[in-house]
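Engineer: give me the fold of what follows.
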Amino acid sequence: MPFLVRKNLISLFLVIFILASFGGGFYFGKSQCKICPPEEIDFSLFWEAYHKLQEKFVNGKEFDQREMIYGAISGMVKSLGDPYTVFLNPDETKRFVEDVKGSFEGVGMEIGMRKGQLQVIAPLEGTPAQKAGLRAGDKIMKVDDTLTADLTIDEAVDLIRGPKGSKVTLTIYREDWETTKEIEIERAVIEVPSLKWEIIEDSIAYVKIYHFTAKASLDFDMAAIEILASPAQKIILDLRNNPGGYLEVAQDIAGWFLERGDTITIEDFGEKEEEKIYPSQGPARLTEYPLVVLINQGSASGSEILAGALRDNRSIKLIGEASFGKGSVQELERLKEGSSLKITVAKWLTPNGDLITDVGLEPDIKVELTDEDYEEDRDPQLDKAIEIIKNL
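Structural biologist: Numbers count the residues shown, from 1 in each chain. Next comes the predicted model:
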(Lines give C-alpha, C1' and ligand atoms only; values in the text may rest on other atoms or scores of the structure.)
Protein backbone atom coordinates (compact mmCIF):
# COMPACT_ATOMS: atom_id res chain seq x y z
CA MET A 1 0.00 0.00 0.00
CA PRO A 2 1.37 3.58 -0.90
CA PHE A 3 2.22 6.04 2.00
CA LEU A 4 4.13 9.03 3.32
CA VAL A 5 5.85 9.34 6.68
CA ARG A 6 6.63 12.34 8.87
CA LYS A 7 9.98 11.82 10.57
CA ASN A 8 9.61 14.57 13.12
CA LEU A 9 6.58 12.87 14.63
CA ILE A 10 8.05 9.39 14.95
CA SER A 11 11.43 9.82 16.60
CA LEU A 12 10.77 6.88 18.90
CA PHE A 13 10.28 4.64 15.89
CA LEU A 14 12.77 6.08 13.41
CA VAL A 15 15.03 3.05 13.36
CA ILE A 16 12.18 0.69 12.51
CA PHE A 17 10.24 2.83 10.06
CA ILE A 18 10.72 2.80 6.31
CA LEU A 19 8.13 0.73 4.42
CA ALA A 20 4.45 0.60 5.33
CA SER A 21 1.19 -0.20 3.66
CA PHE A 22 -0.14 1.84 0.83
CA GLY A 23 -0.93 5.36 1.78
CA GLY A 24 -0.40 9.00 0.86
CA GLY A 25 0.81 10.06 4.27
CA PHE A 26 1.54 8.47 7.58
CA TYR A 27 2.77 9.23 11.05
CA PHE A 28 2.60 7.77 14.53
CA GLY A 29 0.17 9.50 16.88
CA LYS A 30 -0.07 9.40 20.63
CA SER A 31 -2.53 7.19 22.44
CA GLN A 32 -5.49 9.07 23.89
CA CYS A 33 -6.88 6.82 26.62
CA LYS A 34 -8.55 9.54 28.65
CA ILE A 35 -11.38 10.21 26.21
CA CYS A 36 -14.76 9.34 27.68
CA PRO A 37 -17.66 8.02 25.55
CA PRO A 38 -20.17 10.69 24.53
CA GLU A 39 -23.18 10.70 26.80
CA GLU A 40 -25.63 11.00 23.90
CA ILE A 41 -24.61 7.63 22.40
CA ASP A 42 -26.81 4.74 23.55
CA PHE A 43 -24.81 1.51 23.68
CA SER A 44 -27.73 -0.54 25.00
CA LEU A 45 -28.27 -2.18 21.59
CA PHE A 46 -24.66 -3.31 21.50
CA TRP A 47 -24.83 -4.85 24.95
CA GLU A 48 -28.21 -6.44 24.24
CA ALA A 49 -26.79 -8.14 21.15
CA TYR A 50 -23.64 -9.13 23.07
CA HIS A 51 -25.58 -10.81 25.87
CA LYS A 52 -27.93 -12.58 23.43
CA LEU A 53 -24.91 -14.05 21.63
CA GLN A 54 -23.39 -15.05 24.93
CA GLU A 55 -26.64 -16.71 25.93
CA LYS A 56 -27.70 -18.35 22.66
CA PHE A 57 -24.65 -18.96 20.45
CA VAL A 58 -24.37 -22.70 19.83
CA ASN A 59 -20.56 -22.94 19.97
CA GLY A 60 -19.98 -21.50 23.41
CA LYS A 61 -16.32 -22.51 23.40
CA GLU A 62 -15.70 -20.15 20.48
CA PHE A 63 -17.11 -17.19 22.40
CA ASP A 64 -13.92 -15.13 22.73
CA GLN A 65 -14.70 -11.81 24.41
CA ARG A 66 -11.51 -10.11 23.24
CA GLU A 67 -12.00 -11.20 19.61
CA MET A 68 -15.59 -9.96 19.73
CA ILE A 69 -14.43 -6.55 20.95
CA TYR A 70 -11.82 -6.45 18.17
CA GLY A 71 -14.53 -7.40 15.66
CA ALA A 72 -16.85 -4.70 16.97
CA ILE A 73 -14.15 -2.04 16.63
CA SER A 74 -13.27 -3.27 13.13
CA GLY A 75 -16.92 -3.04 12.12
CA MET A 76 -17.18 0.48 13.52
CA VAL A 77 -14.11 1.54 11.56
CA LYS A 78 -15.30 -0.12 8.33
CA SER A 79 -18.58 1.81 8.55
CA LEU A 80 -16.62 5.00 7.78
CA GLY A 81 -16.04 3.74 4.24
CA ASP A 82 -12.35 4.72 4.15
CA PRO A 83 -10.11 1.78 3.12
CA TYR A 84 -7.09 3.39 4.82
CA THR A 85 -8.71 3.88 8.22
CA VAL A 86 -8.39 0.49 9.91
CA PHE A 87 -8.18 -1.23 13.28
CA LEU A 88 -5.09 -3.36 13.90
CA ASN A 89 -5.10 -5.97 16.64
CA PRO A 90 -1.83 -6.52 18.58
CA ASP A 91 -0.46 -9.09 16.11
CA GLU A 92 -1.34 -6.89 13.12
CA THR A 93 0.18 -3.85 14.80
CA LYS A 94 3.41 -5.76 15.44
CA ARG A 95 3.60 -6.92 11.81
CA PHE A 96 2.88 -3.40 10.58
CA VAL A 97 5.79 -1.98 12.59
CA GLU A 98 8.05 -4.80 11.39
CA ASP A 99 7.11 -4.11 7.75
CA VAL A 100 8.26 -0.52 7.94
CA LYS A 101 11.85 -1.59 8.55
CA GLY A 102 12.42 -1.58 4.79
CA SER A 103 12.84 -5.31 4.32
CA PHE A 104 10.25 -8.01 4.83
CA GLU A 105 9.14 -11.36 3.48
CA GLY A 106 6.45 -11.44 0.84
CA VAL A 107 5.94 -10.91 -2.89
CA GLY A 108 7.06 -7.28 -3.13
CA MET A 109 4.21 -5.08 -4.29
CA GLU A 110 2.12 -2.19 -3.06
CA ILE A 111 -1.64 -2.69 -3.09
CA GLY A 112 -4.53 -0.31 -2.63
CA MET A 113 -8.26 0.15 -3.03
CA ARG A 114 -9.75 1.81 -6.12
CA LYS A 115 -13.53 2.18 -6.32
CA GLY A 116 -13.94 -0.62 -3.81
CA GLN A 117 -11.69 -3.03 -5.72
CA LEU A 118 -8.36 -4.29 -4.40
CA GLN A 119 -5.64 -3.76 -6.98
CA VAL A 120 -1.91 -3.61 -7.53
CA ILE A 121 -0.49 -0.12 -7.21
CA ALA A 122 3.01 -1.15 -8.21
CA PRO A 123 5.23 -4.23 -8.13
CA LEU A 124 8.54 -3.22 -6.55
CA GLU A 125 11.72 -3.42 -8.59
CA GLY A 126 13.33 -6.86 -8.83
CA THR A 127 10.74 -8.61 -6.63
CA PRO A 128 8.80 -11.87 -7.18
CA ALA A 129 5.69 -9.82 -8.00
CA GLN A 130 7.47 -8.01 -10.81
CA LYS A 131 9.09 -11.19 -12.10
CA ALA A 132 5.69 -12.92 -12.12
CA GLY A 133 4.43 -10.25 -14.52
CA LEU A 134 2.11 -8.31 -12.22
CA ARG A 135 1.45 -4.75 -13.36
CA ALA A 136 0.10 -1.52 -11.93
CA GLY A 137 -3.67 -1.57 -12.20
CA ASP A 138 -4.10 -5.36 -11.99
CA LYS A 139 -7.20 -6.20 -9.96
CA ILE A 140 -6.76 -8.84 -7.25
CA MET A 141 -9.94 -10.92 -7.13
CA LYS A 142 -8.75 -13.71 -4.82
CA VAL A 143 -5.80 -14.50 -2.57
CA ASP A 144 -5.53 -18.29 -2.64
CA ASP A 145 -9.15 -19.29 -1.95
CA THR A 146 -10.20 -16.05 -0.24
CA LEU A 147 -12.29 -13.52 -2.18
CA THR A 148 -11.01 -9.98 -1.72
CA ALA A 149 -14.38 -8.22 -2.04
CA ASP A 150 -14.87 -7.77 1.71
CA LEU A 151 -11.23 -7.54 2.77
CA THR A 152 -9.53 -4.42 4.07
CA ILE A 153 -6.16 -3.57 2.61
CA ASP A 154 -4.41 -4.73 5.77
CA GLU A 155 -6.30 -8.04 5.76
CA ALA A 156 -5.25 -8.59 2.16
CA VAL A 157 -1.63 -7.74 2.98
CA ASP A 158 -1.75 -10.24 5.83
CA LEU A 159 -2.87 -12.98 3.43
CA ILE A 160 -0.38 -12.13 0.69
CA ARG A 161 2.71 -11.81 2.86
CA GLY A 162 4.44 -14.86 4.30
CA PRO A 163 7.76 -16.57 4.88
CA LYS A 164 10.27 -16.78 2.04
CA GLY A 165 10.01 -19.98 0.01
CA SER A 166 6.26 -20.31 0.58
CA LYS A 167 3.83 -19.66 -2.27
CA VAL A 168 0.66 -17.68 -2.74
CA THR A 169 -1.78 -17.80 -5.66
CA LEU A 170 -3.39 -14.55 -6.77
CA THR A 171 -6.42 -14.50 -9.05
CA ILE A 172 -5.83 -11.46 -11.26
CA TYR A 173 -8.03 -9.59 -13.71
CA ARG A 174 -6.52 -7.17 -16.22
CA GLU A 175 -8.59 -4.91 -18.45
CA ASP A 176 -7.23 -6.43 -21.66
CA TRP A 177 -8.03 -9.99 -20.53
CA GLU A 178 -11.25 -11.81 -21.32
CA THR A 179 -11.14 -13.69 -18.02
CA THR A 180 -9.17 -13.88 -14.79
CA LYS A 181 -5.86 -15.71 -14.46
CA GLU A 182 -4.27 -17.43 -11.50
CA ILE A 183 -0.67 -16.41 -10.86
CA GLU A 184 1.41 -18.38 -8.36
CA ILE A 185 4.22 -16.44 -6.72
CA GLU A 186 6.96 -17.69 -4.43
CA ARG A 187 7.60 -15.32 -1.54
CA ALA A 188 11.08 -13.99 -0.81
CA VAL A 189 12.91 -11.51 1.39
CA ILE A 190 12.10 -8.10 -0.08
CA GLU A 191 14.69 -5.33 0.01
CA VAL A 192 13.37 -1.96 -1.03
CA PRO A 193 15.61 -0.17 -3.58
CA SER A 194 15.74 3.62 -3.81
CA LEU A 195 16.97 4.86 -7.19
CA LYS A 196 19.35 4.57 -10.12
CA TRP A 197 20.58 7.04 -12.72
CA GLU A 198 22.55 6.99 -15.96
CA ILE A 199 23.45 9.15 -18.96
CA ILE A 200 21.43 8.29 -22.08
CA GLU A 201 21.54 9.84 -25.55
CA ASP A 202 24.92 11.40 -24.63
CA SER A 203 23.53 14.33 -22.63
CA ILE A 204 20.33 13.26 -20.86
CA ALA A 205 20.38 12.22 -17.19
CA TYR A 206 17.78 9.48 -16.76
CA VAL A 207 16.85 9.23 -13.06
CA LYS A 208 14.59 6.39 -11.92
CA ILE A 209 13.29 6.66 -8.34
CA TYR A 210 11.82 3.35 -7.17
CA HIS A 211 10.63 4.34 -3.72
CA PHE A 212 10.99 7.26 -1.29
CA THR A 213 12.80 5.22 1.35
CA ALA A 214 14.76 6.80 4.19
CA LYS A 215 18.02 6.45 2.25
CA ALA A 216 16.58 7.77 -1.02
CA SER A 217 17.19 11.38 0.04
CA LEU A 218 20.93 10.82 0.51
CA ASP A 219 21.06 8.66 -2.62
CA PHE A 220 19.45 11.45 -4.64
CA ASP A 221 21.81 14.05 -3.16
CA MET A 222 24.75 11.96 -4.38
CA ALA A 223 23.13 11.42 -7.79
CA ALA A 224 22.42 15.15 -8.14
CA ILE A 225 26.03 16.04 -7.38
CA GLU A 226 27.18 13.49 -9.95
CA ILE A 227 24.72 14.89 -12.52
CA LEU A 228 26.02 18.42 -11.93
CA ALA A 229 29.55 17.17 -12.60
CA SER A 230 28.53 15.13 -15.66
CA PRO A 231 27.96 16.15 -19.30
CA ALA A 232 24.19 15.91 -18.69
CA GLN A 233 22.28 18.92 -19.98
CA LYS A 234 18.70 17.70 -19.48
CA ILE A 235 16.89 15.37 -17.07
CA ILE A 236 14.18 12.71 -17.35
CA LEU A 237 12.70 11.89 -13.93
CA ASP A 238 11.00 8.48 -13.95
CA LEU A 239 8.39 8.05 -11.18
CA ARG A 240 6.57 5.13 -12.75
CA ASN A 241 5.63 2.35 -10.33
CA ASN A 242 6.87 4.44 -7.39
CA PRO A 243 4.21 3.95 -4.68
CA GLY A 244 5.44 6.60 -2.25
CA GLY A 245 7.45 6.77 0.95
CA TYR A 246 8.66 9.42 3.36
CA LEU A 247 7.11 12.87 2.94
CA GLU A 248 10.43 14.49 3.85
CA VAL A 249 12.21 12.56 1.11
CA ALA A 250 9.74 13.76 -1.53
CA GLN A 251 10.25 17.29 -0.21
CA ASP A 252 14.04 16.98 -0.23
CA ILE A 253 14.10 15.78 -3.83
CA ALA A 254 11.61 18.44 -4.94
CA GLY A 255 13.92 21.04 -3.39
CA TRP A 256 16.61 20.28 -5.97
CA PHE A 257 14.21 21.24 -8.79
CA LEU A 258 12.28 24.14 -7.18
CA GLU A 259 13.20 27.57 -5.91
CA ARG A 260 13.34 28.02 -2.14
CA GLY A 261 9.86 28.92 -0.89
CA ASP A 262 7.94 27.30 -3.76
CA THR A 263 5.00 25.27 -2.49
CA ILE A 264 5.55 21.51 -2.72
CA THR A 265 2.22 20.34 -1.34
CA ILE A 266 -0.70 21.45 0.83
CA GLU A 267 -2.10 19.36 3.69
CA ASP A 268 -5.88 19.73 3.91
CA PHE A 269 -7.47 18.84 7.28
CA GLY A 270 -10.99 19.65 6.18
CA GLU A 271 -12.90 21.80 8.67
CA LYS A 272 -10.84 20.66 11.68
CA GLU A 273 -7.93 23.07 11.21
CA GLU A 274 -6.26 25.34 8.69
CA GLU A 275 -4.36 23.99 5.70
CA LYS A 276 -0.62 23.47 6.13
CA ILE A 277 1.71 24.49 3.32
CA TYR A 278 4.99 22.64 2.76
CA PRO A 279 7.52 24.96 1.04
CA SER A 280 10.68 23.98 -0.77
CA GLN A 281 13.89 24.36 1.23
CA GLY A 282 16.17 24.18 -1.80
CA PRO A 283 19.03 23.76 -2.71
CA ALA A 284 17.44 24.44 -6.14
CA ARG A 285 20.62 23.47 -8.01
CA LEU A 286 18.81 21.53 -10.77
CA THR A 287 16.30 24.25 -11.63
CA GLU A 288 18.12 25.27 -14.81
CA TYR A 289 17.95 21.78 -16.33
CA PRO A 290 15.11 21.13 -18.81
CA LEU A 291 13.02 18.37 -17.24
CA VAL A 292 10.19 15.96 -18.03
CA VAL A 293 8.54 13.47 -15.67
CA LEU A 294 7.25 9.95 -16.38
CA ILE A 295 4.19 8.71 -14.44
CA ASN A 296 1.77 5.78 -14.66
CA GLN A 297 -0.90 3.98 -12.64
CA GLY A 298 1.78 2.84 -10.23
CA SER A 299 2.82 6.39 -9.37
CA ALA A 300 1.19 7.12 -6.04
CA SER A 301 1.44 9.21 -2.92
CA GLY A 302 4.90 10.83 -2.78
CA SER A 303 5.32 10.38 -6.53
CA GLU A 304 2.14 12.33 -7.13
CA ILE A 305 3.19 15.04 -4.69
CA LEU A 306 6.57 15.45 -6.42
CA ALA A 307 5.13 15.32 -9.94
CA GLY A 308 2.33 17.74 -9.01
CA ALA A 309 4.80 20.18 -7.47
CA LEU A 310 6.96 20.18 -10.60
CA ARG A 311 3.95 20.58 -12.86
CA ASP A 312 2.33 23.41 -10.89
CA ASN A 313 5.51 25.40 -10.16
CA ARG A 314 7.49 24.92 -13.37
CA SER A 315 4.92 23.70 -15.91
CA ILE A 316 6.93 20.49 -16.24
CA LYS A 317 5.37 18.06 -18.73
CA LEU A 318 4.04 14.78 -17.31
CA ILE A 319 4.30 11.87 -19.76
CA GLY A 320 2.71 8.42 -19.58
CA GLU A 321 -0.55 7.43 -17.91
CA ALA A 322 -2.78 8.84 -15.16
CA SER A 323 -1.36 8.29 -11.68
CA PHE A 324 -3.05 6.19 -9.02
CA GLY A 325 -4.71 8.92 -6.97
CA LYS A 326 -3.60 8.33 -3.38
CA GLY A 327 -3.05 11.43 -1.35
CA SER A 328 -4.17 10.99 2.22
CA VAL A 329 -2.40 11.12 5.57
CA GLN A 330 -2.72 8.28 8.05
CA GLU A 331 -1.94 8.60 11.76
CA LEU A 332 -1.25 5.55 13.92
CA GLU A 333 -2.96 5.83 17.30
CA ARG A 334 -1.74 3.35 19.89
CA LEU A 335 -4.49 1.64 21.89
CA LYS A 336 -4.54 -0.67 24.89
CA GLU A 337 -2.91 -4.11 24.88
CA GLY A 338 -0.76 -3.41 21.81
CA SER A 339 -3.58 -2.75 19.34
CA SER A 340 -3.87 0.41 17.25
CA LEU A 341 -5.99 2.50 14.92
CA LYS A 342 -4.67 3.78 11.60
CA ILE A 343 -6.76 6.89 10.91
CA THR A 344 -6.95 9.12 7.85
CA VAL A 345 -6.53 12.63 9.25
CA ALA A 346 -5.85 14.78 6.17
CA LYS A 347 -5.53 14.87 2.39
CA TRP A 348 -2.76 16.16 0.14
CA LEU A 349 -3.34 18.86 -2.47
CA THR A 350 -1.02 19.99 -5.25
CA PRO A 351 0.35 23.57 -5.05
CA ASN A 352 -2.53 24.73 -7.26
CA GLY A 353 -5.00 23.20 -4.80
CA ASP A 354 -5.90 20.14 -6.87
CA LEU A 355 -7.04 17.08 -4.91
CA ILE A 356 -4.93 13.96 -5.45
CA THR A 357 -7.04 11.33 -3.66
CA ASP A 358 -9.23 9.27 -6.04
CA VAL A 359 -8.32 11.70 -8.85
CA GLY A 360 -4.60 11.40 -9.49
CA LEU A 361 -2.62 13.37 -12.03
CA GLU A 362 -3.43 13.33 -15.73
CA PRO A 363 -0.41 13.28 -18.04
CA ASP A 364 0.11 16.18 -20.41
CA ILE A 365 1.17 13.65 -23.03
CA LYS A 366 -0.60 10.32 -22.76
CA VAL A 367 1.31 7.22 -23.84
CA GLU A 368 0.08 3.74 -22.95
CA LEU A 369 2.02 0.49 -22.88
CA THR A 370 0.53 -2.51 -24.66
CA ASP A 371 0.96 -6.20 -23.88
CA GLU A 372 3.23 -6.40 -26.90
CA ASP A 373 5.39 -3.58 -25.50
CA TYR A 374 5.87 -5.58 -22.30
CA GLU A 375 6.59 -8.80 -24.19
CA GLU A 376 9.08 -7.13 -26.54
CA ASP A 377 10.63 -5.09 -23.72
CA ARG A 378 9.77 -1.84 -25.48
CA ASP A 379 9.21 1.43 -23.65
CA PRO A 380 7.32 3.95 -25.82
CA GLN A 381 6.76 6.15 -22.75
CA LEU A 382 10.48 6.62 -22.25
CA ASP A 383 10.92 7.02 -26.03
CA LYS A 384 8.39 9.86 -25.99
CA ALA A 385 10.12 11.47 -22.99
CA ILE A 386 13.42 11.41 -24.88
CA GLU A 387 11.75 12.92 -27.95
CA ILE A 388 10.18 15.72 -25.91
CA ILE A 389 13.26 16.53 -23.81
CA LYS A 390 15.47 16.80 -26.88
CA ASN A 391 13.31 19.69 -28.09
CA LEU A 392 13.46 21.60 -24.78
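Engineer: shaky segments in the protein?
Structural biologist: Across the chain, the ranges flagged by pLDDT under 70 are 1-39, 60, 97-103.
Engineer: I'd like to know which elements the strand ranked longest in it is packed against.
Structural biologist: Counting by DSSP state E, the longest strand found in the chain is strand 340-349. The contact analysis (3 or more C-beta pairs under 8 Å, 6 or more residues apart in numbering; DSSP states H and E) places strand 340-349 against strand 25-28, strand 86-88, helix 90-99, strand 263-268, strand 328-334. Placement of C-beta: from N, CA and C, glycine included.
Engineer: other residues contacting the shortest one?
Structural biologist: Residues from elsewhere that reach strand 86-88 (C-beta atoms under 8 Å, 6 or more residues apart in numbering): 70, 73-74, 76-77, 96, 152-154, 339-342.
Engineer: ranges for the helices of the stretch 101-250 of the chain?
Structural biologist: Per DSSP state H, counting those that start in this stretch, the stretch 101-250 of the chain carries helices over the ranges 128-131, 153-160, 216-228, 247-257.
Engineer: list the buried residues in the longest one.
Structural biologist: Of the residues in helix 216-228, Ala216, Ser217, Asp219, Phe220, Ala223, Ala224, Ile227 count as buried by neighbour count, 16 or more other C-beta atoms under 10 Å.
Engineer: distance of the nearest residue to the last one once chain neighbours are set aside relative to Leu286?
Structural biologist: Spatial nearest neighbour of Ile227, chain neighbours left out: Ala205 (4.7 Å); criterion: C-beta to C-beta, 6 or more residues apart in numbering. Between Ala205 and Leu286 the computed distance is 9 Å (C-beta to C-beta, to the nearest Å).
Engineer: so between those two, which is more surrounded?
Structural biologist: Ala205 (25 against 20; other C-beta atoms under 10 Å).
Engineer: isn't Leu361 right up against Ala307?
Structural biologist: Yes. Contact criterion C-beta atoms under 8 Å: Leu361 and Ala307 qualify, at 5.7 Å.
Engineer: residues shared between the contacts of these two?
Structural biologist: With C-beta under 8 Å, 6+ apart as the test, Leu361 and Ala307 both reach Ile295, Ser299, Leu318, Ser323.
Engineer: which pair of the residues you listed spans the longest distance?
Structural biologist: Spanning the widest gap among the shared contacts of Leu361 and Ala307 are Ser299 and Leu318, at 9.2 Å by C-beta to C-beta.
Engineer: between those two, which is the more surrounded one?
Structural biologist: Ser299 (35 against 23).
Engineer: which of the helices or strands spans that one?
Structural biologist: Of the helices and strands defined by DSSP states H and E, none includes Ser299.
Engineer: against Phe43, how distant is Met76?
Structural biologist: For Met76, the distance to Phe43 - C-beta to C-beta - is 11 Å.
Engineer: typed the wrong thing, it's Glu387
Structural biologist: Distance from Glu387 to Phe43, counting by C-beta to C-beta: 64 Å.
Engineer: so these two - more neighbours on which side?
Structural biologist: Comparing Glu387 with Phe43 by other C-beta under 10 Å, the one with more neighbours is Glu387, at 13 against 9.
Engineer: next one: the helix or strand where that one lies to chain centre, how far?
Structural biologist: Using DSSP H and E, Glu387 sits in helix 380-390. Remark: helix 380-390 is offset 26 Å from the chain centroid, using C-alpha atoms, centre = their mean, to the nearest Å.
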